[in-house]
Structure formats: C-alpha cells, structure tokens
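Visitor: Structure for the following, please:
(2 chains)
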Amino acid sequence: EAGVTQSPTHLIKTRGQQATLRCSPISGHTSVYWYQQALGLGLQFLLWYDEGEERNRGNFPPRFSGRQFPNYSSELNVNALELEDSALYLCASSSGLAVAKNIQYFGAGTRLSVL
Amino acid sequence: AQKVTQAQTEISVVEKEDVTLDCVYETRDTTYYLFWYKQPPSGELVFLIRRNSFDEQNEISGRYSWNFQKSTSSFNFTITASQVVDSAVYFCALRDSNYQLIWGAGTKLIIKP
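Guide: The predicted model follows:
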C-alpha cells in the first residue's frame, strides 16, 4: 500500500513568487495535515483538511492557503514568498474517524528554498 | 496551555549503549493521547507509538520501550543496545483538545559506531 506522497521533492523560488505543493494521502484517509519545519525549529502546524473542508489552521498569515480535492489529495499554496518561508513542508494523512486518537502518517516532505 | 518539552536537544552515545529520551507534557485535559515519532535524515516522520492517558502500562517493542507516568507528566522513550541506524531526531507530541498535535522541539540522537 502506498504511503503519503508529496511533490515536488524540492522547489526553488524567488522572493515574491508563489509556490504550490501537493500531497496524496494514504488510500482511505480523508484527513490531510500540513506542517512547516524550518531549519532548527520544530514542527509548526499549518492546516488541517477533512472531507474537503478546512477544519483548522495554525498561526500563519493568510498567504498560506490550501485546498482538498474530492479524491482527498491536497494542495498547499504559499503566495508572496518570503525568505523565511524556506523550510521543509510535511504533509500527513489520517483516517477521519476517531479524530482524538488517530495516527498521522507523514510523507517525505517538500523542501522549499526561497532565494 | 498545552505544551510538550523535550529538554535534551542532542544526545550522543556509542553503539550498544542504552539511551533514554525524555518527554514532559502539560495539559489540563483528562483524556489525551501522546505520540513518539522518529525523523531520520531522509526527513519523513515515522510513527513509533501512541499512548492514551488511561493506559499507564509500559510498552516494549523489540529494543524500544516507553515509560508513561501520569504522576510526573512524562512519557520517556528508551532504546536498548542502540545501533547506528537509530540515529535520528525523535519527537514527542500531545494531541490537544482541538485535535491538533502539539510537538516537542525534538531530540537529535547520534549513535557512534
């Protein structure tokens, strides 16, 4: 069974551009989570989607946005890129059931570099 | 406020030594879940264990063991007879009442041959 897949693996952009990151969840999972992991920092929660709806978002500016498609895959968009957006962006998926205890399974991440 | 503290930023041991990674959490919830994940250099977070607040039994899985103590709000992770492949960053996390994972800062474990 395929795990969580993210694309691209690496992405290089310049300041002010837009970046689009993609995530395909494990088959049968309806929830997708996005995290930012900047160098030397821990994981910061960005967004949670379930059944196509945004359920929660972390403390990030509105230029971080996303969506979830009918097949449960997801896109993270970062507009007006800033140097400090350079980070590893991790996507995780989980079952939409028993949210309190479900396990999030992670992809390998997209490393975004903003020059 | 919900919080997870991993006070050990980096630990370095020689192969075959035992090592314990500490995790202390804060929560006002009576029902909660705790997790450990491993992040090898490849970057992908690998799920290791989930423990709910009502189950204080220690757990052993091969060379890995976990000690959960509600009295001290700790959920420590021990690797017995460490191996070079255990080198990674290990994260402890707490599920909060909004169903989000609150992450510790991680402990970088270096196992030297």
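
Visitor: Would the lowest-mean-pLDDT helix or strand in chain B count as contacting chain A?
Guide: Ranking every helix and strand in chain B by mean pLDDT, DSSP states H and E puts strand B:59-61 at the bottom, with a mean of 86. No: shown here: strand B:59-61 not in contact with chain A (Cβ under 8 Å from any Cβ of the partner chain), separated by at least 14.8 Å. (C-beta placed from N, C-alpha, C; glycine too.)

Visitor: could you point out which element follows that strand?
Guide: strand B:64-69 (DSSP states H and E).

Visitor: can you tell me if that following strand touches chain A.
Guide: No: judged by Cβ under 8 Å from any Cβ, strand B:64-69 and chain A are separated, with a smallest distance of 14.8 Å.

Visitor: Check the offset of the least confident helix or strand of chain B from the chain's centre.
Guide: With Cα atoms, centre = their mean, to the nearest Å as the basis, strand B:59-61 stands 13 Å off its chain's centre.

Visitor: Sticking with B:Ala105, tell me its helix or strand.
Guide: Going by DSSP H and E, B:Ala105 is not in any helix or strand.

Visitor: For the residue nearest to it when sequence neighbours are not counted, list the residues it contacts.
Guide: Closest residue to B:Ala105 apart from its sequence neighbours, by Cβ to Cβ, 6 or more residues apart in numbering or on different chains: A:Gly42 at 4.7 Å. Taking Cβ atoms under 8 Å, 6 or more residues apart in numbering or on different chains, we find A:Gly42 in contact with B:91, B:103-106.

Visitor: which one of those residues has the most neighbours?
Guide: Neighbour counts for the contacts of A:Gly42 peak at B:Gly104, which has 26 neighbours (criterion: other Cβ atoms under 10 Å in any protein chain shown).

Visitor: and that residue, how far is that from chain A?
Guide: 7 Å (Cβ to the nearest Cβ, to the nearest Å).

Visitor: now B:Gly106
Guide: 6 Å.

Visitor: what's the distance between A:Asn102 and A:Ser93?
Guide: 10 Å (Cβ to Cβ, to the nearest Å).
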